[in-house]
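Got a sequence here, can you build the structure:
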Amino acid sequence: MINKFIDSIARKLKTMFPDKKICVDEMSKNAEGKIFIIVNSPKQTKGLGTLRKRSVFFDISYVCRENNNPDYYDWIDKMYNSFEYIEADGKLYTARNLHGDKFDGIYHFLFDLDYYIHAKNETPKMMNLKQKRGVKNG
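Numbering: from 1, shown residues only. The predicted structure follows:
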């Protein structure tokens, strides 16, 4: 599912910024002018029975050519307007904890996506039991 989220995010970014190169998971030496999708620390929590909640943390980073506040504000506005919902695998997911940051000439847009799965039930099944009928006196 994480790869489907990444594909959806990359398509959305390419639509928004057609002249920018979109990279996944690693910053390269020639990072200037590129947008990076970084997946941070996916986690899973156990729910009721076999239900599991998985959370994935994304950092969309843009390495800008110059540190320009008005450009950053325009960029972050576009990101907030475009990434409130992510469509993946035919379903719509709501991004949570959206926030932006800027330091060292890198614009960051961070958010979480949650999804649920049912884990396979690994409990052993009982063997067949035989039932005897009767009444005991005594």
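
quick one, helices of this structure?
2-16, 69-82 (DSSP state H).

tell me, which of the ones you listed is the model least confident about?
Ranked by mean pLDDT, these end with helix 69-82 at the bottom, a mean of 89.

Can you name every helix or strand that that helix contacts?
Contacts defined by 3 or more CB pairs under 8 Å, 6 or more residues apart in numbering; DSSP states H and E place helix 69-82 against helix 2-16, strand 96-103, strand 106-118. (C-beta placed from N, C-alpha, C; glycine too.)

can you redo the ones you listed as CSV with distance to Arg52 and mean neighbour count?
CSV is the format used below for those (distance: least, CB to CB, whole Å; neighbours: other CB atoms under 10 Å):
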stretch, distance to Arg52, mean neighbour count
helix 2-16, 14, 16
strand 96-103, 17, 13
strand 106-118, 5, 17
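
Redo the ones you listed as JSON lines? Include distance to Lys130.
As requested, these are arranged in JSON lines below (distance: least, CB to CB, whole Å):
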{"stretch": "helix 2-16", "distance to Lys130": "48"}
{"stretch": "strand 96-103", "distance to Lys130": "53"}
{"stretch": "strand 106-118", "distance to Lys130": "33"}
